[in-house]
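> Sharing a model that was predicted from the sequence below.
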Amino acid sequence: MAAAVVLVVVLGVGVAIGLSVSGGSSTEAVPASIPASPSQVPSATTVPPSAPPGKYSMRAIASACDLLDPKPLTKWSSTPTAPVHREDPPSGGYGGGLTCDLKYTSTSPTDGVTTDEAGIGVTVEFTSAGEPPGYDKWNNTGAAQQGWSTGTIPGLGARNYWRGIAVTDPAPGASYVVGVQDSNVSVEVQVAVHRARGEDPLKLDDLSAIAQSQARTVLDRLRA
């Protein structure tokens, strides 16, 4: 039963549109220098730190939802809801960020009342000056959650992880998360599906195939 409770929380985040941009940290103010006396050579102007360069950029991305392909979700539900997205451009030492959440719904064929849901969300965080990659905090969050399986994916980015769970009580549901860090970007993709009581159990392999493919596509579309 504990695993089912955890899944409800995750589906509330992944399917019910709750992923948010981790805004990084803004550039810290540089202490004012002591004014030079007239006899001294003026001190050089302090240059604010810049976000680390790398092989990924958000310059070509008009909407964060352009990073995702929602068609695989129609396997479970076919009616799209309004997408929710946010684009935070880089500024000074802040590297920039993108988020998008897409959800499809349908009426359960089992009882004709319950709303089934299938959703996918992506969070992108470009590394900011003086800050660790977003991947570091994402990989620590929920790593020890009860009932979740975890692992890594060969050949995806410099570092990656996956977490997944599928339950049948009180109703079929599953969630699969892929996180990846490469060069100057961190990406996390989550796929989550919830069905009505009495519907067929979900196969975690179906969600993992979508999430892993989408994570690779996101990296490809962000290449500078």
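Yep, it's here.
> Just say helix, strand or coil for Ile61.
coil (DSSP: H, G, I helix; E, B strand; the rest coil).
> Show the contacting residues for it.
Taking C-beta atoms under 8 Å, 6 or more residues apart in numbering, we find Ile61 in contact with Leu67, Glu87, Leu98, Arg221, Leu222. The way it works is simple: take the backbone N, C-alpha and C, and place the C-beta from them, glycine included.
> quick one: low-confidence ranges for the protein?
1-47, 141-144 (pLDDT under 70).
> the helices in it, which residues?
2-14, 134-140, 204-222 (DSSP state H).
> For the shortest one, which outside residues touch it?
In this case it means helix 134-140. Ser22, Gly24, Thr123, Glu125, Thr127, Arg159, Tyr161, Gly179, Val180, Gln181, Ser186, Glu188.
> Bridged to the residue most central in space within the chain, which residues?
Geometric centre of the chain, nearest residue: Thr123, 2.7 Å, by C-alpha atoms, centre = their mean. Beta-bridge pairing of Thr123 under DSSP bridges involves Thr99, Glu188.
> Hmm, it is touching Val185, no?
No: counting by C-beta atoms under 8 Å, Val185 is not a contact partner of Thr123; they are 10.9 Å apart.
> which residues does the residue nearest to Pro172 when sequence neighbours are not counted contact?
Of all residues not flanking Pro172 in the chain, Arg195 sits nearest, at 4.2 Å (C-beta to C-beta, 6 or more residues apart in numbering). By C-beta under 8 Å, 6+ apart, the residues touching Arg195 are Trp76, Ser108, Asp116, Ala171, Pro172, Gly173, Leu202.
> Need those residues in JSON lines (columns: neighbour count and distance to Tyr56).
What follows is the contacts of Arg195, written out as JSON lines (neighbours: other C-beta atoms under 10 Å; distance: C-beta to C-beta, whole Å):
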{"residue": "Trp76", "neighbour count": "20", "distance to Tyr56": "31"}
{"residue": "Ser108", "neighbour count": "17", "distance to Tyr56": "40"}
{"residue": "Asp116", "neighbour count": "22", "distance to Tyr56": "35"}
{"residue": "Ala171", "neighbour count": "20", "distance to Tyr56": "39"}
{"residue": "Pro172", "neighbour count": "20", "distance to Tyr56": "36"}
{"residue": "Gly173", "neighbour count": "24", "distance to Tyr56": "33"}
{"residue": "Leu202", "neighbour count": "22", "distance to Tyr56": "32"}
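> Which residue lies closest in space to Gly151, excluding its sequence neighbours?
Trp162 (5.6 Å).
> Would you agree that neighbour is in contact with Val178?
Yes: the criterion here is C-beta under 8 Å, and Trp162 meets it with Val178 at 5.1 Å.
> okay, these two: which has more neighbours?
Val178 (28 against 21; other C-beta atoms under 10 Å).
> That one reaches Asn160, doesn't it?
Yes: counting by C-beta under 8 Å, Val178 sits close enough to Asn160 to count as a contact (6.8 Å).
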